[in-house]
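> generate a structure from the sequence data that follows.
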Amino acid sequence: MIQNLTKKIKPKLVVSALGITVASAIIPLKAAQQGAAIAVSATVIAGVKTQTLFEISELTITNADIAKGYVDVFSAYTFSVFTNSKKGIILDLNPLSNIFESVEVFGMGSTALLGSDGGSFTVRSFLPNNSKHDLSFRFVLSPAVTAGTYPWPLNITARAIT
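Numbers count the residues shown, from 1 in each chain. Purely as a prediction, here's the structure:
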């Protein structure tokens, strides 16, 4: 009779032991899911991209310009800006020739006077993406320049203010 009782109880004990083992494995897993936290951070680097919409390819200097000592070129460079910088952008103007002693840049609510070695034109304001801008220039001519048509004397690139 004891053997019969053991045969009946033994399978129930095994099933109960399995149930306790499975339950104890599940409970810590659920607790870990509820209490776990992961910290995530990201740094977005300020960037800028410009698209040239129009750029004069040549600069014509007349005898009248030489007599004045300068030549004005209005709306010579039109471009659109795409940036994530809230602080603004810097336009770097690099000379491609030595026909001017200095250049004054007008546009985007700012003015800059740069030497014959070029320089930077800073716009310290938020620029909406795909905004269109025009730049105009006054080139103070080099004393050695003669009347004629010259390739556009500046290369313009942009970078974001970080």
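
> residues in a beta bridge with the residue lying closest to residue 100 once chain neighbours are set aside, which ones?
Leaving aside its sequence neighbours, residue 100 sits nearest to residue 139 (Cβ to Cβ, 6 or more residues apart in numbering; 4.1 Å). Every residue, glycine included, has its C-beta placed from N, CA and C. Beta-bridge partners recorded for residue 139 (DSSP bridges): residue 71, residue 103.

> so residue 94 is in which element?
Assigned by DSSP states H and E, residue 94 falls within strand 89-95.

> and that strand, average pLDDT?
For strand 89-95, the mean per-residue pLDDT is 95.

> again with stretch 123-133
86.

> and that stretch, end to end?
11 Å (Cα to Cα, to the nearest Å).

> again, but for stretch 142-158
26 Å.

> what sits up against that stretch?
Residues external to stretch 142-158 that are found in contact with it (Cβ atoms under 8 Å, 6 or more residues apart in numbering): 48-50, 55-63, 65-66, 76-77, 79, 81, 89-101, 103, 116, 118, 135, 137, 139.

> so of those residues, which ones are in strands?
Counted as lying in strands by DSSP state E, out of the contacts of stretch 142-158, are 48-50, 55, 58-61, 76-77, 79, 81, 89-95, 100-101, 103, 135, 137, 139.

> selection in PyMOL covering whichever of those residues are buried, please.
Buried residues within the ones in strands among the contacts of stretch 142-158, by 16 or more other Cβ atoms under 10 Å, are selected in PyMOL with:
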select buried, resi 48+50+59+61+76+77+79+81+89+90+91+93+95+100+103+135+137+139
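
> residue 44 versus residue 161, what's the distance?
14 Å (Cβ to Cβ, to the nearest Å).

> more neighbours: which of the two?
Shown here are residue 161 and residue 44; by other Cβ atoms under 10 Å, residue 161 has more neighbours (16 against 6).

> surely the more buried one is in contact with residue 85?
Yes: when contacts are counted by Cβ atoms under 8 Å, residue 161 is listed as touching residue 85 (5.5 Å).

> what sits in contact with each of those two?
By Cβ under 8 Å, 6+ apart, the residues touching both residue 161 and residue 85 are residue 46.

> the strand holding residue 94 packs against which elements?
strand 100-107, strand 119-123, strand 154-160 (3 or more Cβ pairs under 8 Å, 6 or more residues apart in numbering; DSSP states H and E).

> counting by contacts, list what the second one packs against.
In this structure, strand 119-123 packs against strand 89-95, strand 110-115, with contacts taken as 3+ Cβ pairs under 8 Å, 6+ apart.

> right, I'll call it a day here.
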